[in-house]
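> Provided below are the primary sequence and the corresponding predicted coordinates.
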Amino acid sequence: MAMAMAMGIALIIMNILCLVFFFIVLVKLFKHEGALKGILGFFCSIYTFIWGWMKHKQLGMTKLMATWSILTVAGMVMVPVMGASSALMLPKYMQEMSGNAGIKFDKPDLSQKVRTLNPKAKSKKTQPPMTAAAEKKSVAARNAEDGDWSRKAMALWTGDRYKDPNAALNYWSRAISSKQNTATAYNNRGLAYYGLKRYKEAIGDYTQAIQLDPAYAAAYNNRGNSYYELREYQLALHDFNQSLKLRPTYAKAYLNRALAHYQLGKNTEACSDFQKSCEQGDCDGMRWAMKNGICK
């Protein structure tokens, strides 16, 4: 970002200098060739430039014309370089926003508590005293049944990603295999796959979460992020739309949909969603779009 801004300032300065040189030569053109050619030179700067080189020795403008030429060539080179830099800025921006290699995804939705299915019924019979080893083993088994794997996985969550997605993946897989196969568990394992850039497997888990809970807005948003990483922008757009249909005030879904629109060349729609995201409290996307001339 800093480099792009520096290049932009340098380009502005070069354009101003070129304009100054143009008017200096234009004045000489009016003076030596008359009003008709002067007016032609005013409306056709290339004519003024060529005339300046033709008369540079006679009028002592060699250094001026050489400097003007160098600045013109440098400006022509910088424009495509800045364009390429701007094109590369979007992934970098998304990385800064997410703390990961893609769009910021929604934090794990803990509204659905992980629960143990078919818990063992407590026996009413008097049990003989347990040895210390047997009691320790029994406690460990109960912890696993009560969602120990999910708690271990959540302990790895840092606010916007898993600090160890491999470990999180292992814990959520164990939770699911222990019949804690809730929509939340699949969604959160999908986030672990996402952190490992295993986007197709993440999509599979988000889809499973949606099948278990069709009103799961976060799962739609997260699946859209994975489609986005695979450059399946239309599929991503469909999921962001569904997420917002379920949760109309979902700031991150507006932001993510704006980025999908941008990738599809729909800047008007992108700006509208950047604005809606800002209205819901997340203005990072709008600030980025305005700095890069995408939105006004």
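Ah, there it is.
> which strand or helix spans P80?
helix 62-98 (DSSP states H and E).
> and what of M14?
helix 2-33.
> please apply the same query to W149.
Residue-wise, W149 maps onto helix 148-154 under DSSP H and E.
> could I have the CA atoms of that helix written out in PDB?
C-alpha atoms of helix 148-154 as PDB (Å, rounded to 0.1, in the frame of the first residue of the first chain):
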ATOM      1  CA  ASP A 148     -13.900 -32.700  25.700                       C
ATOM      2  CA  TRP A 149     -12.800 -32.700  22.100                       C
ATOM      3  CA  SER A 150     -14.800 -29.700  21.200                       C
ATOM      4  CA  ARG A 151     -13.500 -27.800  24.200                       C
ATOM      5  CA  LYS A 152      -9.900 -28.600  23.200                       C
ATOM      6  CA  ALA A 153     -10.600 -27.400  19.700                       C
ATOM      7  CA  MET A 154     -12.100 -24.100  20.900                       C
END
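> report the buried residues of it.
For helix 148-154, burial by neighbour count (16 or more other CB atoms under 10 Å) applies to D148, W149, S150, K152, A153, M154. C-beta coordinates here come from the backbone N, C-alpha and C atoms, glycine included.
> of the residues you listed, which is the nearest to T184?
S150 (8.2 Å; CB to CB).
> show me the contacts for F21.
L64, M65, T67, W68, L71 (CB atoms under 8 Å, 6 or more residues apart in numbering).
> G52 is in contact with the second one, correct?
Spelled out, that is M65. Yes - between M65 and G52 there is a contact at 5.1 Å, judged by CB atoms under 8 Å.
> need the residues touching each of those two.
V25.
> more neighbours: these two, which one.
The neighbour count for M65 versus G52, taken as other CB atoms under 10 Å, is higher for G52 (24 against 19).
> quick one, phi/psi of the more buried one?
The phi/psi pair for G52 (degrees, to the nearest 10) reads phi -60, psi -40.
> what sits against it?
V25, K28, L29, M61, L64, M65, W68.
> may I see the PyMOL selection of the buried members of the residues you listed?
The command below creates a PyMOL selection of those among the contacts of G52 that count as buried (16+ other CB under 10 Å):
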select buried, resi 25+28+29+61+64+65+68
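> quick one: low-confidence ranges for this protein?
1-5, 81-147 (pLDDT under 70).
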